[in-house]
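A.B. asks: Have a look; sequence and predicted model below, questions after that.
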There are 4 protein chains.
Amino acid sequence: MCRWMAYSGSPIPIDALLYRPKHSLIDQSQHSELGAEPTNGDGFGIGWYPVEPLDNQSPGRFRGTGPAWSNSNLQDLAQHIRSALFFAHVRATSGTAVQESNCHPFRHDRWLWMHNGSIRDFAQLKRDLLLEVDPALYPEIEGTTDSEAMFFLALTYGLRDDPVAAVERMVGFVEATAARHGVKDPVQMTVATTEGERTWAFRYSSTGQSRTLFYSTDVNDLKALHPDVAVLRMLSDEARLVVSEPLGVMPDAFNEVPESSYSIIHRGQDEMSAFNPR
Amino acid sequence: MCRWMAYSGSPIPIDALLYRPKHSLIDQSQHSELGAEPTNGDGFGIGWYPVEPLDNQSPGRFRGTGPAWSNSNLQDLAQHIRSALFFAHVRATSGTAVQESNCHPFRHDRWLWMHNGSIRDFAQLKRDLLLEVDPALYPEIEGTTDSEAMFFLALTYGLRDDPVAAVERMVGFVEATAARHGVKDPVQMTVATTEGERTWAFRYSSTGQSRTLFYSTDVNDLKALHPDVAVLRMLSDEARLVVSEPLGVMPDAFNEVPESSYSIIHRGQDEMSAFNPR
Amino acid sequence: MCRWMAYSGSPIPIDALLYRPKHSLIDQSQHSELGAEPTNGDGFGIGWYPVEPLDNQSPGRFRGTGPAWSNSNLQDLAQHIRSALFFAHVRATSGTAVQESNCHPFRHDRWLWMHNGSIRDFAQLKRDLLLEVDPALYPEIEGTTDSEAMFFLALTYGLRDDPVAAVERMVGFVEATAARHGVKDPVQMTVATTEGERTWAFRYSSTGQSRTLFYSTDVNDLKALHPDVAVLRMLSDEARLVVSEPLGVMPDAFNEVPESSYSIIHRGQDEMSAFNPR
Amino acid sequence: MCRWMAYSGSPIPIDALLYRPKHSLIDQSQHSELGAEPTNGDGFGIGWYPVEPLDNQSPGRFRGTGPAWSNSNLQDLAQHIRSALFFAHVRATSGTAVQESNCHPFRHDRWLWMHNGSIRDFAQLKRDLLLEVDPALYPEIEGTTDSEAMFFLALTYGLRDDPVAAVERMVGFVEATAARHGVKDPVQMTVATTEGERTWAFRYSSTGQSRTLFYSTDVNDLKALHPDVAVLRMLSDEARLVVSEPLGVMPDAFNEVPESSYSIIHRGQDEMSAFNPR
């Protein structure tokens, strides 16, 4: 449905990873190899934490409704903005409108959220799902996607305090609601979320056949193996990437995130555990 | 907040009324004289019933997010589409996102709906208002505006069977909901709706100080008074216009719709009555 | 580079051919099978002659910069506009900006023009090509593409009086200019142009390996062969389609336009001849 | 026609000057007081030099075609990008298309250029003006405006070596070309250009009645006078602003640039001289 990329490490210009690698996310927007379809041309977005942070620590965001591959503003911004933690997403709509408010990453205070996948029969379930959202958060829903509904359910369940538990409860609620409506296997997702320090990446689907997700291996090993790859020299030792599909520069640079699991990335320390909807 | 125009009569190219009059709706998009502000540049839309109708009788629609005054597609379409009943709207957002799904006219089956005004503190009331929408209609809400919420509430209350009663119940419900939340004087509206045959135009506000609304007087009288005005010669005797502010070609061509009233226009027969929220 | 379709025949809703066939132009915008690449998502356009023509006989036009496949305005207009002669085009840029003024069909007075292909090293040749354009026409060039430059050169060479000769001179001039700059094999093109009555379709490339082009066979034969295909029943006997690639409803419905040739379509009379650049 | 702002000084978030002042450029986009019309809603752009410069020293740029006042991406970027030298521009078209390639600032290598005003009868003069552009630069013209033509003429005349002489020659050439075509008083302009270190600001018109232009007075004086104005505390002593109209925070903060003159701003050193077309 979509493709995404989450980076954390030393500050780099966003385009170093978004554009320059051979099978970059921009290339994936037109020629995805592992996605549900090759084209992800229904909008895009980047979210980033400035190197010199603002008082409120909120991340910057730029979204657009056309294809990423031909957007000259995106290319320009990616070349001129440096960040130590950024998200990027290219969208293939599963039916909801192509408009900026439906483009990832979604944002709330210091948090970013992006998603690949869908909730099956979302139109049918939407009303019950949104009713569960904390009424204090409800007015901040800006778009009409299943992805944003998942974000606001996770916020409702305490994303800011315990992200893993909140996402597990969110998925549990979606699955229970779907069951009530007779909708089978409702959840298909890879999700990334961050508050600017740590990144949580989830891979899960009700059927146990989730969209692909990969994380980068140790940068030091890669540097030794590929002394000729320019982009590697920009990365600090603790740099990490989580991606829907490998960037294609280094076939050995990425490992698959296992089915039904999540990963926490923080300053080069990675933690991986089983994901269990509640 | 917005400006709009509703036409019914003989088939004419849309631009005859949308562009050619001196103080046309396009001129009002940049230089409104009676609106809450001079600029209505946050999107636009036209809805029309084709001269040779399709099987499903649904109206055509074209909406855009930029200003109407510089949109060459709008101008082109207005010149090349003829219709005997069309709506046109230019938007000044009262806060919700500038995106096509928030542009008027809204559409459901054969019905069109457009609105000038707002629901005060809509963000605060939104959840309760949308909860009242018929769950079968709920998934068809595409945008995030108060105007579309009013449309779906009216549909819930039977717009297709008894438009006046449905709009009166809708306003009554909004006012009751607002009262529960401690929001005073919530409704400010002029609304037009049609199913392709008749047009209903409403002027109402909780404070009794509604946005302006005008209807055109008998075209025969106008033709006699203004034999030199080209656009008049295109109009059949039963042609009628309802507008947020007069088009400025003929100062005597428009009468104000009284406060708290509605009008039904059908083949040159106009009916005007008091509007009473239920 | 692009895909296009030109229809003439009985008046039909544009969507009957633009959307409903299995491998319609909209499908080709995402999944082209015979084009230079599968995705044609860098803008689109339709041009049509109204059933009840305006005084100036100019065709209507609607263009947009995003992908055709997700544009709800395009779908809406195609469903609600009927025409007896229309062009439709989906674009894959060969480098020039994604903006409406670069989208096909181009228009001058009563004429439409659309193109698939490119002029090699156009940036290098552009100045000399535009210098050749009639200074009286020069100010009307709105975009920056090779396709529009070809149109204005053809207009300069008398497109409105003798379309075939004008296009042959245009190609001859481009090839001569390219030769002066040391650019080999500069022209790759399929082109359609019309004044609202006749349609001229050209297939040519300097290398003799032109992009594909097909024309529909006799509708009567098709109706007999495919009594079950709904769209055929809407078409009059003289209806004709010229397309970059077959629509996929009827494998036997399309014949390839031969290399280096052109076709003139007029009320069911087709004429095909060799194309010779001058 | 347009409104613009040029800042140089200590690094600040762009929104500190673009959004926060009472009569900011964003406010001027909807409510200009000194411009040719109140609304400047036909596109916008910002150009900035990153605090930590890239190898090629090129400035970043973000442009859009809708009104600045409702563009959430612009607001987001302005909040999250810091710069010690940036340009901002809101556009009111004098006739050329509303598209990103026509939005200011224009860019070439390290240079930015923005303009308020117009060349009278530009469509008539355009061909002769563009013919004068260095053929090596000609392919890089991306849009269709008089403003960009002025930039490329100035580049042709040596903008990068001697900006004042180049702009004087450019204006002289436009005036001579206009005279040949019988067009009187062709030039109306305020222009700003920079290479990232110094900013040149020009005020000139053929009639001697130029659009307004103002520069800020010494920040130290202002800080003493207005200890309560928050934005002033962010500015270093050498900070300077050049604006189409004063920002409205401090009536005494801006002086008018005299008719037919130019100013060079560099690290708090300002130089003002007479402008003489050659």
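C.D. replies: Received the coordinates, thanks. Residues are numbered from 1 along each chain as shown, chains lettered A, B, ... in the order given.
A.B. asks: Restrict stretch A:170-189 to CA atoms and write it as CSV.
C.D. replies: Provided in CSV are the C-alpha atoms of stretch A:170-189 (Å, rounded to 0.1, in the frame of the first residue of the first chain):
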residue,chain,number,x,y,z
MET,A,170,-5.0,-0.4,19.6
VAL,A,171,-4.6,-3.5,17.5
GLY,A,172,-6.6,-5.5,20.0
PHE,A,173,-9.4,-3.0,19.8
VAL,A,174,-9.5,-2.9,16.0
GLU,A,175,-9.6,-6.7,15.9
ALA,A,176,-12.4,-6.9,18.5
THR,A,177,-14.4,-4.3,16.7
ALA,A,178,-13.9,-6.0,13.4
ALA,A,179,-15.0,-9.3,14.9
ARG,A,180,-18.2,-7.6,16.1
HIS,A,181,-18.9,-6.5,12.5
GLY,A,182,-18.0,-9.9,11.0
VAL,A,183,-14.9,-8.5,9.3
LYS,A,184,-12.1,-11.1,9.3
ASP,A,185,-8.4,-10.4,9.5
PRO,A,186,-8.7,-6.7,9.7
VAL,A,187,-5.2,-5.5,10.5
GLN,A,188,-2.3,-5.3,8.1
MET,A,189,0.5,-3.0,9.3
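A.B. asks: is that stretch up against chain B anywhere?
C.D. replies: No: against chain B, stretch A:170-189 shows no contacts by CB under 8 Å from any CB of the partner chain, the least distance being 11.2 Å. Where C-beta positions appear, they are placed from N, C-alpha and C, glycine not excepted.
A.B. asks: Tell me which residues are up against that stretch.
C.D. replies: A:1, A:115-121, A:124-125, A:128-129, A:132, A:150, A:153-154, A:157, A:202-207, A:210-211, A:275, A:277-278 (CB atoms under 8 Å, 6 or more residues apart in numbering or on different chains).
A.B. asks: For that stretch, buried residues please.
C.D. replies: Residues A:170-171, A:173-175, A:177-178, A:183, A:186-189 are the ones in stretch A:170-189 that count as buried (16 or more other CB atoms under 10 Å in any protein chain shown).
A.B. asks: do stretch A:258-272 as well
C.D. replies: By neighbour count on 16+ other CB under 10 Å, the buried set for stretch A:258-272 is A:261-263, A:265, A:270.
A.B. asks: Now, those that are in strands?
C.D. replies: The strands, defined by DSSP state E, take in A:261-263, A:265, A:270 from the buried residues of stretch A:258-272.
A.B. asks: Let me see the ranges of the strands in chain A.
C.D. replies: So, for chain A - with DSSP E - the strands run A:2-13, A:44-50, A:60-64, A:82-91, A:106-108, A:111-119, A:187-194, A:199-205, A:214-216, A:240-243, A:254-256, A:261-266, A:269-274.
A.B. asks: Please tabulate those strands in TSV, including the columns mean pLDDT and distance to residue C:50.
C.D. replies: What follows is these, written out as TSV (pLDDT from 0 to 100; distance: least, CB to CB, whole Å):
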stretch	mean pLDDT	distance to residue C:50
strand A:2-13	94	40
strand A:44-50	97	37
strand A:60-64	98	34
strand A:82-91	96	36
strand A:106-108	98	44
strand A:111-119	97	41
strand A:187-194	98	46
strand A:199-205	98	50
strand A:214-216	90	54
strand A:240-243	92	50
strand A:254-256	90	56
strand A:261-266	94	58
strand A:269-274	89	63
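A.B. asks: Can you name the residues of the stretch 51-200 of chain A sitting close to chain D?
C.D. replies: A:51-52, A:54, A:58-64, A:72-73, A:76-77, A:79-82, A:100.
A.B. asks: where does chain A have low pLDDT?
C.D. replies: Applying pLDDT under 70 to chain A flags residues A:1, A:55, A:249-251.
A.B. asks: Enumerate every residue touching residue A:28.
C.D. replies: Per CB under 8 Å, 6+ apart, neighbours of residue A:28: A:3, A:35, A:40, A:90, A:244-245.
A.B. asks: about what we covered before: can you lay out the strands of chain A as JSON lines showing distance to residue A:164?
C.D. replies: Shown next, in JSON lines, are these (distance: least, CB to CB, whole Å):
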{"stretch": "strand A:2-13", "distance to residue A:164": "16"}
{"stretch": "strand A:44-50", "distance to residue A:164": "21"}
{"stretch": "strand A:60-64", "distance to residue A:164": "24"}
{"stretch": "strand A:82-91", "distance to residue A:164": "18"}
{"stretch": "strand A:106-108", "distance to residue A:164": "18"}
{"stretch": "strand A:111-119", "distance to residue A:164": "14"}
{"stretch": "strand A:187-194", "distance to residue A:164": "10"}
{"stretch": "strand A:199-205", "distance to residue A:164": "7"}
{"stretch": "strand A:214-216", "distance to residue A:164": "16"}
{"stretch": "strand A:240-243", "distance to residue A:164": "15"}
{"stretch": "strand A:254-256", "distance to residue A:164": "20"}
{"stretch": "strand A:261-266", "distance to residue A:164": "6"}
{"stretch": "strand A:269-274", "distance to residue A:164": "8"}
